[in-house]
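In: predicted model, plus sequence, below.
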Amino acid sequence: MSDHDVELILATLAESGYSGLGKVCYVLGRGKLPRSTYSHMQGVSGIHVVIAESPLARRLRWLPSYRGLIRIDDPSRLPAVFDELTDQSMAATYIFDISLEAAFVDAVRHVDTHRDCSFGVKQDPGYLIYLVDADRDDSPTGMVEFLSYGGSAPWTSIIGERPSTD
């Protein structure tokens, strides 16, 4: 997997017309990012920073370890937001039915009590989760991806069948 592969998938998702399917898109970032990453995104047109917080105790918050949840209102912003959040970190794109939005945001807010990283989006048979961990030592490219989508989702026809890289 390469940066180019990720760019192609994100561009495809951005152009998929998911909002016309009654779906919403969020990007969740985790890892070695400073608070300023999310502060700079505040007020950027086409996105909304929903959560920006450190999971560390207050005395350790000087360490770059912020996580954030960004709602993508303008699909063309998806690739840039995802790229910024995967810098020395991990990011996941969630596309799911808008009726699950409030429960999803609540589940992300209470991540300590939620062990399932799908945060309830799999209740939508047309969901998609695309995760990239971009700072992995166990990968030749330093990147590992995870793609999951529901059986009634249009994602196979949009993304296409992808060969296994095992």
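Out: Arrived safely.
In: report the mean per-residue pLDDT for stretch 147-158.
Out: Stretch 147-158 shows a mean pLDDT of 75.
In: before we move on, what about stretch 6-20?
Out: 87.
In: going forward, count from 13.
Out: Sounds good: first residue 13 from here, last item stretch 18-32.
In: residues in contact with it: which ones?
Out: 36-37, 87-91, 94-95, 98, 105, 107, 140, 142, 144, 155, 157, 159, 166, 170-171 (C-beta atoms under 8 Å, 6 or more residues apart in numbering). For glycine as for every other residue, the C-beta is placed from the backbone atoms N, C-alpha and C.
In: quick one: end-to-end distance for that stretch.
Out: One end of stretch 18-32 sits 23 Å from the other (C-alpha to C-alpha, to the nearest Å).
In: may I see the buried residues of that stretch?
Out: Val18, Ile21, Leu22, Leu25, Ala26, Ser28, Tyr30 (16 or more other C-beta atoms under 10 Å).
In: same question, stretch 116-135
Out: Phe116, Val117, Ala119, Val120, Val123, Cys129, Ser130, Phe131, Gly132, Val133.
In: give me every residue that touches the fifth one.
Out: If you count contacts by C-beta under 8 Å, 6+ apart, Val123 has them with Pro67.
In: how near is it to Ala165?
Out: 24 Å (C-beta to C-beta, to the nearest Å).
In: how about the third one?
Out: Applying C-beta to C-beta, one obtains 20 Å for the distance of Ala119 from Ala165.
In: go on, the last one?
Out: Counting by C-beta to C-beta, the gap from Val133 to Ala165 is 11 Å.
In: find residues that contact each of those two.
Out: Tyr139.
In: is the nearest residue to Leu81 once chain neighbours are set aside in a helix, a strand, or coil?
Out: Leaving aside its sequence neighbours, Leu81 sits nearest to Ile63 (C-beta to C-beta, 6 or more residues apart in numbering; 4.0 Å). At Ile63 the chain is in strand, as set by DSSP: H, G, I helix; E, B strand; the rest coil.
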